[in-house]
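K.L.:
give me the fold of what follows.
(one chain, ligands or ions: 2)
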Amino acid sequence: MEQRYYQPEIETMPVEELKKLQSEKLVKQVKHVYEHVPYYRNLMDEKGVKPEDIKGIEDISKLPFLTKADLRDAYPYGLLAVPQKDCVRIQSTSGTTGRRVVAFYTQHDVDLWEDCCARAITAVGGTDEDVCQVAYGYGLFTGGPGLNGGSHKVGCLTLPMSSGNTERQIQFMMDLNATILCCTPSYAAYIGESLKEMGYKPEDNKLKAGIFGAEPWTEEMRQSIQNALGIKAYDIYGLTETTGPGVSFECSEQNGMHINEDHFYAEIIDPETGEVLPEGSKGELVFTSLDKEAFPLLRYRTRDICVLSRKPCACGRTHIRMSKPMGRSDDMLIIRGVNVFPSQIETVLLKEGYSPNYQIVLDRVNNNDTFDVNVEMNPDQFSDTVGGLTKQEKALAAAMKTMLGINPTVHLVSPKSIVRSEGKAVRVIDKRKLIDNNQWKG
Ligand code: ADP
Ligand code: ZN
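P.N.:
Ligands and ions are numbered 1, 2, ... in the order given. Purely as a prediction, here's the structure:
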């Protein structure tokens with residue numbers, strides 16, 4: 001693919017220059033936050049660090065962390081760093097893991113967020129010739145507004161579909177010759193499945209690329225979506241607390257997501273000790289907003305687990321890459337004492353030729369965890385005999401045991417019987433009513 005950049009001078013900036021730029025921005029940002037956010041000033045005072053102690057990016061580890069608990073404590077206006085009259089937008093998390101948090105944006109903040117999304121769209125080959133169908137939800141959720149803004153900046157003809165109403169989604173996609181699709185990977189899979197049911201082949205649509213994120217998905221899922229839609233599928237990552245989608249994005253290489261490092265400085269820490277780990281280590285991702293005005297979080301702990309790499313990328317971008325987060329530290333299930341990520345189950349299913357439509361159901365009977373996985377069969381996997389079905393279930397359970405180290409009970413269910421998601425998929429139903437450690441007061 002011919003390489004195009006939305007902001008070439010920044011996206012391909014030599015690393016040394018980038019570090020200088022980050023240092024200048026950080027020094028300014030720490031002053032701004034210290035002066036305008038009493039909540040964070042208290043945290044800095046408690047840690048005995050003053051703005052003057054931060055002379056460059058190498059001093060960042062002197063600063064205290066912020067956590068989601070801080071955001072909830074300070075809800076709603078406690079971390080706002082500018083007068084409310086200077087803000088033009090509020091967005092909110094989707095509340096996947098608890099109470100929603102709200103984030104604020106000045107026009108400058110909206111602009112830099114949309115620039116990041118424009119970089120992502122350009123990286124997958126988007127230009128002003130494209131028709132970009134945005135099927136992320138619009139509203140408080142950042143997916144729709146972020147990609148919508150980025151698509152405008154690139155000059156694509158933007159189709160603001162929002163999520164849902166899949167038949168109309170497909171009709172517009174076909175009638176208006178959409179070339180780029182933006183939505184969650186689980187919704188992309190659903191659109192692919194629906195296209196097939198409606199009698200379309202992958203080559204019947206004009207799509208060339210998809211920008212899919214907001215939830216974890218596997219390489220196997222990527223292959224499956226690429227085949228179903230006849231496109232290249234690219235990952236995009238972000239969180240409301242830092243802006244929304246576009247904090248990082250995949251380039252033509254489809255090998256990790258470039259973090260927009262002129263705006264977001266990334267660290268990987270040991271989630272237990274808070275110690276900063278060297279590049280290449282797996283740990284919790286921490287972000288510092290270097291130039292956001294309204295809601296500039298410093299050292300925010302995302303709870304997303306991944307790895308950073310500064311190895312040069314063939315696309316020419318110099319910004320550091322992050323691996324696909326395999327799930328959040330709080331997505332991790334502990335079943336019979338073993339750590340299990342739902343994404344591991346997805347990997348097994350797609351490897352074994354099943355659909356990525358599944359649900360994990362956990363319960364506790366006589367103090368033992370029960371671990372059931374409901375998996376949809378593809379229409380061509382129907383077995384006529386009960387014996388045949390049981391055999392398939394056993395084989396799948398054995399494959400999962402190899403991956404996870406513990407044995408689930410697999411139930412193959414009929415096609416289309418698991419509820420489809422138009423946004424972030426719900427993969428786990430946990431009925432165990434375990435004590436939430438975060439609530440424990442000692
Ligand atoms: P919520 O925390 O309520 O889901 P957001 O809608 O802001 O709030 O979601 C941000 C989170 O979504 C991230 O912290 C991360 O866990 C997840 N996420 C976003 N993009 C991706 C991606 N490409 N791959 C894996 N996880 C992602
Ligand atoms: Zn690249």
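K.L.:
near ligand 1, which residues of the stretch 301-442 of the chain show up?
P.N.:
Residues of the stretch 301-442 of the chain found near ligand 1 (C-beta under 6 Å from any ligand atom) are 302, 304, 324-325, 328. The way it works is simple: take the backbone N, C-alpha and C, and place the C-beta from them, glycine included.
K.L.:
what pLDDT does the residue nearest to Gly213 when sequence neighbours are not counted get?
P.N.:
Nearest residue to Gly213, sequence neighbours excluded (C-beta to C-beta, 6 or more residues apart in numbering): Ile236, at 3.8 Å. pLDDT, Ile236: 98.
K.L.:
now Ile435
P.N.:
Reported pLDDT for Ile435: 46.
K.L.:
tell me where the model's unsure across this protein.
P.N.:
For the chain, the stretches with pLDDT under 70 are 1, 95-99, 329-330, 433-442.
K.L.:
ranges for the strands of the stretch 101-250 of the chain?
P.N.:
If DSSP state E, counting those that start in this stretch is used as the criterion, the strands of the stretch 101-250 of the chain fall at 102-105, 131-134, 157-159, 180-183, 209-213, 232-238, 245-250.
K.L.:
packing partners of the last one?
P.N.:
Using 3 or more C-beta pairs under 8 Å, 6 or more residues apart in numbering; DSSP states H and E, the elements in contact with strand 245-250 are helix 107-123, helix 143-154, strand 232-238, strand 257-259.
K.L.:
quick one: the residue nearest to Thr242 when sequence neighbours are not counted from ligand 1, how far?
P.N.:
With sequence-adjacent residues excluded and distances taken as C-beta to C-beta, 6+ apart, Thr242 is closest to Phe287, at 5.1 Å. Relative to ligand 1, Phe287 is positioned 10 Å away (C-beta to the nearest ligand atom, to the nearest Å).
K.L.:
from the stretch 1-150 of the chain, which residue is nearest to ligand 2?
P.N.:
Using C-beta to the ion, the single residue of the stretch 1-150 of the chain nearest to ligand 2 is Ala123, 7.5 Å away.
K.L.:
is there a neighbour count for that residue? I'd like the number.
P.N.:
If you count neighbours by other C-beta atoms under 10 Å, Ala123 ends up with 27.
K.L.:
any idea how far the nearest residue in space to it that is not next to it in sequence is from Ser355?
P.N.:
Using C-beta to C-beta, 6+ apart and skipping the chain neighbours, the partner closest in space to Ala123 is Cys251 (4.6 Å). According to C-beta to C-beta, to the nearest Å, Cys251 and Ser355 sit 29 Å apart.
K.L.:
so if I had to pick from the two, which one is more boxed in?
P.N.:
Higher neighbour count among Cys251 and Ser355: Cys251, with 26 against 19, using other C-beta under 10 Å.
K.L.:
thinking again about what came up before, mind checking which of the residues of the stretch 301-442 of the chain next to ligand 1 land in strands?
P.N.:
When strands are assigned by DSSP state E, the members of these inside them are 302, 304.
K.L.:
tell me the one of the residues of the stretch 301-442 of the chain next to ligand 1 nearest Ala228?
P.N.:
Ranked by distance to Ala228 (C-beta to C-beta), those are led by Lys324 at 19.4 Å.
K.L.:
redo the residues of the stretch 301-442 of the chain next to ligand 1 as a markdown table? Include neighbour count and distance to Met161.
P.N.:
Converted to a markdown table, these look like this (neighbours: other C-beta atoms under 10 Å; distance: C-beta to C-beta, whole Å):
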| residue | neighbour count | distance to Met161 |
| --- | --- | --- |
| Thr302 | 21 | 28 |
| Asp304 | 22 | 28 |
| Lys324 | 20 | 25 |
| Pro325 | 23 | 26 |
| Arg328 | 18 | 28 |
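K.L.:
which two from the residues of the stretch 301-442 of the chain next to ligand 1 end up farthest apart in space?
P.N.:
Greatest spatial distance in those: Thr302 and Lys324, 13.7 Å, computed using C-beta to C-beta.
K.L.:
okay, now Arg33: neighbour count?
P.N.:
One thing to correct before we go on: residue 33 is Val, not Arg. Val33 has 23 nearby residues by other C-beta under 10 Å.
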